[in-house]
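Student: Give me a 3D structure for the following:
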Amino acid sequence: MDVDSDARRVGAPAAPAERGSAGRRRGWKRFLERAPGLQIMAVQWVPMTVLIGLPVRWLFDRQEPLVEAVLNGALNLVWIGPALYFSRWSAGEQAARRDPEGYALREAVRTSTVPADEATRAALPRYLAEQRRATWAALLAILGICLGLVLLALLVADSEGFAVIFGVVATVSAAVAALTLTRIRRLASLPATTGSARR
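Tutor: Here you go, the predicted model:
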């Protein structure tokens, strides 16, 4: 007889390890639902380049040098940020159904307007503080990655084209981060936001 499954059926609490893994999955899912594209790109760009970009490059050209495969793989996955932005923009109603509070918080930052819902408004100051820190962290990560790729392109691959492309990626990322931080600062300065923070 499976005692563990019987215990779960009658509503016994899960083991700490199970609770921990479930909490991590929920936390990761919540991050993916609520984080802007820049943050997700900073987290996923390098792993996806290594796990997807490089194998795909070598699948079609096994003779390609490692440095060129890395540069091409990273370039092929630059679309992560823009794709996430447009997918979020086009799937507004679905996102609102999956995570109403998260969608309302993201929309508040995007439009620089305080949410009408009181519970969401109360959660706004903490969300803004988290987004400010995460945006800075994402920007620094992407700038570091781009700098590494630019140096790799210039010093090892002797390719100015790659250096220019990744320089543009860094510039666009900095512009997106600056826009996000400006919206956060503007929203945080509104009376309704500062009032909810005091409460």
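Student: Now do stretch 149-167: everything it contacts.
Tutor: 67-68, 70-71, 74-75, 146, 170 (CB atoms under 8 Å, 6 or more residues apart in numbering). C-beta coordinates here come from the backbone N, C-alpha and C atoms, glycine included.
Student: What about the residues you listed, which are in helices?
Tutor: The helices, defined by DSSP state H, take in 67-68, 70-71, 74-75, 146, 170 from those.
Student: now, the most widely separated pair of these?
Tutor: Glu68 and Ala170 (20.1 Å; CB to CB).
Student: if we can go back for a sec, need the ones in helices among the contacts of stretch 149-167 in CSV (columns: neighbour count, distance to Pro100 and pLDDT).
Tutor: Formatted as CSV, those follow (neighbours: other CB atoms under 10 Å; distance: CB to CB, whole Å; pLDDT from 0 to 100):
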residue, neighbour count, distance to Pro100, pLDDT
Val67, 16, 46, 89
Glu68, 17, 46, 88
Val70, 23, 41, 89
Leu71, 26, 42, 91
Ala74, 26, 36, 90
Leu75, 18, 37, 89
Cys146, 23, 35, 95
Ala170, 19, 35, 95
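Student: so how far is Ile80 from the residue nearest the centre of the chain?
Tutor: What sits nearest the mean C-alpha location of the chain, by CA atoms, centre = their mean, is Ile40, with 1.8 Å. The gap separating Ile40 from Ile80 is 7 Å, by CB to CB, to the nearest Å.
Student: was I right about Ala69 contacting Leu54?
Tutor: Yes - counting by CB atoms under 8 Å, Ala69 touches Leu54, with 5.5 Å between them.
Student: Now do the helix or strand hosting Pro125 against helix 66-76, angle only.
Tutor: Using DSSP states H and E, Pro125 sits in helix 118-151. Interaxial angle of helix 118-151 relative to helix 66-76 (axes from the mean of the first three to the mean of the last three CA atoms, to 10 degrees): 150 degrees.
Student: just checking, Arg132 touches Ile184?
Tutor: Yes - counting by CB under 8 Å, Ile184 is a contact partner of Arg132 at 5.3 Å.
Student: So between the two, which is more surrounded?
Tutor: Neighbour comparison, Arg132 and Ile184: the larger count goes to Ile184, with 20 against 15 (by other CB atoms under 10 Å).
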